[in-house]
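[1] Below: sequence and its predicted model.
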Amino acid sequence: MSDNVQEQVLGFIRGRLPDVELSESEDIFQLGFVNSLFAMELVMFIEKQFGLTIPNDELQIDNFRTAKSMAELVERCAPLAAAAEMA
Amino acid sequence: MTAEGPGRSGASVLPGRPARGRIKCIVWDLDGTLWDGVLLEDDLVTVRPQVAEHIRRLDGLGILHSIASKNDRETTLAKLRALGLEDLFLYPQITWNSKSSSIQLIAKALNLGLDAFAFVDDQEFERAEVAHGTPEVTCVDITELDEALGRPEFQPRFVTDESARRREMYRAQITRDDLGREFVGTSDEFLAELQMAFTIQPARREDLQRAEELTVRTNQLNATGRTYSYEELDVLRESPDHLLLIASTDKFGAYGKIGVVLVEQDAQVWHLRMMLMSCRVMSRGVGMVLLNHIMRLARDAGVALLADFVETGRNRMMQVTYAFAGFHEVSRDGARVVLAADLADLQQPPPYVRLEILG
């Protein structure tokens, strides 16, 4: 699942930053393209796309630096989302 | 952008085909347009009777209505329901997305061309954004509503029995609202064109009234939920161990002062006790500019920077802003959180903002 998530996240970022060459482990903050609008878009994209709510204690810059770290974040949050749906 | 403002955002952008009955759907803003007041600042908004009357009248003539509002979705839908207006609107878009993207979603859902849409908003910024993102849409300033609705494109060519039922027919087709799945922000390109000036300066006495108003009314984007009275703010303003800053922007004047920050200054540690922003400008990315400024001041003063944060759910957008500015949680007591800033790696203000720091 993780590769797929990573691809979808990368796809989203590339869609928003069409002029940037980006790999899954590139730090988007280092590249200097992130503003609070884009941050919000990223959070909303991940939550809507994968049907989960990122818990507040996971709202940390390090979780959003790379497509890889975002895929890991989704994996950590996904079981929570599934459990919430069962409840 | 020139000094005289966004020329093509004017109230009377007339795309091609100015034919009678061209407008099939009107998309309404809510705060300051459908109702007086700002919902997230004041629950007691008042619907403008003449606007509601226009909507019902046009609904009867078969013109559809929808909403593009930057607001909290649940709060807003509940308010529309309480006002008995919810049913009048198809596919209401209540999000922090850009309004041009909201209109595109509505157009797709209703399967209508963009030139069949009119958009009514009191804010020049939003009309300019829509004129930029979806130039086919007819933008109307709320102050010119009566006049605009008198124009031929707002007069249906035929009114039949079916016209009055059109909304119901569309509604019947709505099976699943799978719109708005993707967040679409205000485009950087548009913001760049806007050249928004953003000024940060110490609060002066004449700013305090607005500051108090913001602290009392801006629930949604208040980081700590704390409120301060005019008198308290006046004391803090003069206090040697506090920094009270006011942020303002030049664009689309009515806002003026849009943010307030209170920092408690200690020899080793600064503590952000309050930060709030008017929700109407949050989606323009200025929250991070303000945080970055405080972070830079703290770094230059050689102190650590902590921030109080109280999770209310409604201020989550602000929480995201803190997180992406480089704050992380260091302690927590229920919904009350203390965040610490990483000052090693500060971000530059985005290129679309002209940042002005006054001493």
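    Structure received.
[2] Could you say which helix or strand holds residue B:330?
    strand B:327-333 (DSSP states H and E).
[3] what's residue B:213 in contact with, if anything?
    Residues counted as contacts of residue B:213 (Cβ atoms under 8 Å, 6 or more residues apart in numbering or on different chains): none. C-beta here means a position set from N, CA and C on the backbone, and glycine is covered the same way.
[4] what ranges do the helices span in the chain?
    Just so you know, I chose chain A. For chain A, applying DSSP state H gives helices covering A:2-16, A:36-49, A:67-86.
[5] meant chain B, my bad for not saying
    Along chain B, counting by DSSP H, helices occupy B:49-60, B:73-82, B:99-110, B:124-133, B:145-149, B:161-173, B:188-194, B:208-217, B:230-238, B:279-282, B:286-301, B:316-325.
[6] spatially speaking, which residue is in the middle of chain A?
    Residue closest to the mean C-alpha point of chain A, counted by Cα atoms, centre = their mean, is residue A:70 at 3.9 Å.
[7] Excluding sequence neighbours, find me the nearest residue to that residue.
    In space, and not counting its chain neighbours, residue A:70 is closest to residue A:9: 4.8 Å by Cβ to Cβ, 6 or more residues apart in numbering or on different chains.
[8] so how far is residue B:203 from the nearest residue to residue B:242 once chain neighbours are set aside?
    Using Cβ to Cβ, 6+ apart and skipping residues adjacent in sequence, the residue nearest residue B:242 is residue B:236, 4.7 Å away. As judged by Cβ to Cβ, to the nearest Å, residue B:236 and residue B:203 stand 9 Å apart.
[9] Need the overlap of contacts for these two.
    Residues touching both residue B:236 and residue B:203 (Cβ under 8 Å, 6+ apart): residue B:244.
[10] So for residue A:8, what's the pLDDT?
    Per-residue pLDDT puts residue A:8 at 92.
[11] neighbours around it, how many?
    Residue A:8: 18 surrounding residues under other Cβ atoms under 10 Å in any protein chain shown.
[12] ok, it touching residue A:49?
    Yes: assessed by Cβ atoms under 8 Å, residue A:8 is found in contact with residue A:49 at 6.2 Å.
[13] I figured the residue nearest to the centre of chain A hits residue A:60, correct?
    No: the criterion here is Cβ under 8 Å, and residue A:70 misses it with residue A:60 at 11.7 Å.
[14] Now do the contacts for residue B:358.
    Applying Cβ under 8 Å, 6+ apart, the residues near residue B:358 are B:199-202.
[15] Need the contact partners of the strand holding residue B:330.
    Here strand B:327-333 makes contact (Cβ under 8 Å, 6+ apart) with A:56-57, A:60-61, B:291, B:306-307, B:337-342.
[16] Just the buried ones among those residues, please.
    Among those, those classed as buried by 16 or more other Cβ atoms under 10 Å in any protein chain shown are A:56, A:60-61, B:291, B:306-307, B:337-341.
[17] I'd like to know which of the residues you listed is nearest to residue B:86.
    Checking those against residue B:86 with Cβ to Cβ, the nearest one is residue A:56 at 30.5 Å.
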